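1. Provided below for reference: sequence and predicted model.
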Amino acid sequence: MMRIWTYCRPFKYENDHYEIKYSYSLTTYTSRLYKEGKLIDELTGSLVEDLNVLTHTLHSIDANNKVKVSVGYINWLTVGIEIYQNDERIYASHPGKDIYFAEKIIRKLAGAQDTEMLEQKRQIQSEQWQKNKHSIFADIGLGAAFFIVSKTTGDLTLAAFTSIALGLALVVLQRFVRADLLGGFAMFGTIMLLISALLSLTFDSEFFVQLKGTIMGTLGASVLLADGMFREGKYFAPRFERYLNSPVKHQHFVVGLGSISLLMAGINYSVATLFTEDQWLTYTTIIDLPLYFILFFCLIAITSCKDAPKMDER
């Protein structure tokens with residue numbers, strides 16, 4: 001699975017150099033413990049189920065010493081580590097910060113659900129992932145193709161048309177496979193790439209390809225805000241709820257999502273106009289998606305409505 005980001009937390013113990021490398025993908029998070037550059041332990045968790053602190057065990061020279069290294073999120077943007085020797089903390093990468101920050105919040109959001117209900121919820125999440133993973137992989141594949149062609153050729157227009165060709169190929173392939181390849185944003189992204197590429201050719205400028213995120217965000221935000229303000233989110237909210245863990249307040253969610261889309265469009269425009277093409281490419285490939293996910297999940301937490309009617313009760 002492709003890693004989205006990796007945090008590195010070096011430390012020293014008993015004159016040996018260690019390092020924690022904590023990474024995450026779309027579905028998992030992994031902590032790797034290195035000693036003098038050699039991997040000695042690896043732990044992995046599932047984002048579908050939890051976001052718990054991961055704890056490694058170190059083998060000390062003194063057999064009586066029990067040494068553990070714990071790593072977890074101290075906020076929504078970064079992780080910290082703590083080292084315990086015989087249950088006494090001897091080191092913290094971020095003193096005063098709580099590495100159980102994310103774990104506590106997720107448990108709080110889960111509420112007082114009993115074990116059976118929690119297991120049912122996890123089962124539903126797992127089924128949703130199995131149903132939607134092919135379309136997610138298709139989205140990632142198109143984005144990766146755009147990035148690779150752009151990096152190797154330096155031609156954003158060629159990269160856009162390459163992704164368009166792959167998007168059309170997915171449409172053809174969908175006729176021969178049962179897996180849902182087009183349920184995500186593959187087709188929408190392909191259409192927006194086509195618009196950007198045609199503008200680029202018309203005006204003989206690759207700058208319009210860079211504005212893909214701005215054009216997509218503005219158009220999407222307009223539709224979302226119109227639905228949220230004039231129809232109280234009745235069109236988009238129920239469709240999004242099929243992919244969420246709990247119901248949401250329809251109007252607040254859709255208006256919030258439209259606002260996020262406008263914000264991301266503005267950021268993309270700023271990066272495209274104020275920075276170099278290579279810096280923009282790095283932003284749109286590495287930073288744009290994680291930032292959007294952070295804002296999206298914050299919106300879900302704010303607009304979550306446990307008492308909202310279930311899908312089959314509407």
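-> Looks like it arrived, so ask away. Bear in mind the structure is a predicted one, so any value in this text is a computation, not a measurement.
2. Surely residue 10 and residue 19 touch.
-> Yes. Between residue 10 and residue 19 a contact is recorded at 4.5 Å, counting by CB atoms under 8 Å. Glycine gets a C-beta too; all of them are placed from N, C-alpha and C.
3. after the helix or strand that contains residue 254 comes which helix or strand?
-> According to DSSP states H and E, residue 254 maps onto helix 250-274. The element immediately downstream of helix 250-274 (helix or strand, assigned by DSSP H and E) is helix 277-282.
4. Can you give me the buried ones in that next one?
-> For helix 277-282, the neighbour count (16 or more other CB atoms under 10 Å) marks 280, 281, 282 as buried.
5. Correct me if wrong: the second one contacts residue 152.
-> No. Because the distance of 11.8 Å does not satisfy CB under 8 Å, residue 281 is recorded as not touching residue 152.
6. Overlap in contacts, those two.
-> Counting by CB atoms under 8 Å, 6 or more residues apart in numbering, residue 281 and residue 152 have no contacts in common.
7. which residues in the chain form helices?
-> Along the chain, the segments classed as helices by DSSP state H run 101-110, 115-153, 156-174, 186-203, 207-210, 212-230, 236-241, 250-274, 277-282, 288-303.
8. from the middle of its chain, how far away would the last one be?
-> Put simply, helix 288-303 sits 9 Å off its chain's centre (CA atoms, centre = their mean, to the nearest Å).
9. ok, and the helix or strand in this protein with the lowest average confidence?
-> Lowest by mean pLDDT, DSSP states H and E among the helices and strands of the chain is helix 186-203, with a mean of 68.
10. possible to save the buried residues of helix 277-282 as a markdown table with distance to residue 301 and pLDDT?
-> Converted to a markdown table, the buried residues of helix 277-282 look like this (distance: CB to CB, whole Å; pLDDT from 0 to 100):
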| residue | distance to residue 301 | pLDDT |
| --- | --- | --- |
| 280 | 30 | 88 |
| 281 | 31 | 86 |
| 282 | 29 | 87 |
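11. possible to save these as JSON lines with distance to residue 263?
-> Shown next, in JSON lines, are the buried residues of helix 277-282 (distance: CB to CB, whole Å):
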{"residue": "280", "distance to residue 263": "17"}
{"residue": "281", "distance to residue 263": "20"}
{"residue": "282", "distance to residue 263": "19"}
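12. Return the member of the residues you listed nearest to residue 80.
-> residue 282 (25.6 Å; CB to CB).
13. what about residue 288, how many neighbours?
-> Other residues lying near residue 288 total 18 when counted by other CB atoms under 10 Å.
14. how close does it get to residue 209?
-> In this view, residue 288 and residue 209 are 15 Å apart by CB to CB, to the nearest Å.
15. again, but for residue 240
-> 28 Å.
16. Residue 105 versus the closest residue to residue 98 other than its chain neighbours, what's the distance?
-> Setting aside the residues directly before and after it, residue 98 is nearest to residue 74 in space (CB to CB, 6 or more residues apart in numbering), at 6.3 Å. Applying CB to CB, the value for residue 74 to residue 105 is 12 Å.
17. got the phi/psi numbers for the closest residue to residue 104 other than its chain neighbours?
-> Among residues not flanking residue 104 along the chain, residue 98 sits closest, at 7.5 Å (CB to CB, 6+ apart). Main-chain torsions, residue 98, degrees, to the nearest 10: phi -100, psi 110.
18. and residue 98, how many neighbours?
-> Residue 98 has 16 nearby residues by other CB under 10 Å.
19. try the one 10 residues further on
-> One way to gauge burial is a neighbour count; for residue 108, by other CB under 10 Å, it gives 9.
20. same thing with residue 36?
-> Counted with other CB under 10 Å, the neighbours of residue 36 add up to 9.
21. quick one: the nearest residue to it once chain neighbours are set aside from residue 210, how far?
-> The shortest distance from residue 36 to any non-neighbouring residue, by CB to CB, 6+ apart, is to residue 17 (5.7 Å). The gap separating residue 17 from residue 210 is 42 Å, by CB to CB.
22. Those two: who's more crowded?
-> residue 210 (22 against 12).
23. and the gap between that one and residue 257?
-> Residue 210 sits 23 Å away from residue 257, going by CB to CB.
24. ditto for residue 35
-> On the measure of CB to CB, residue 35 and residue 257 end up 45 Å apart.
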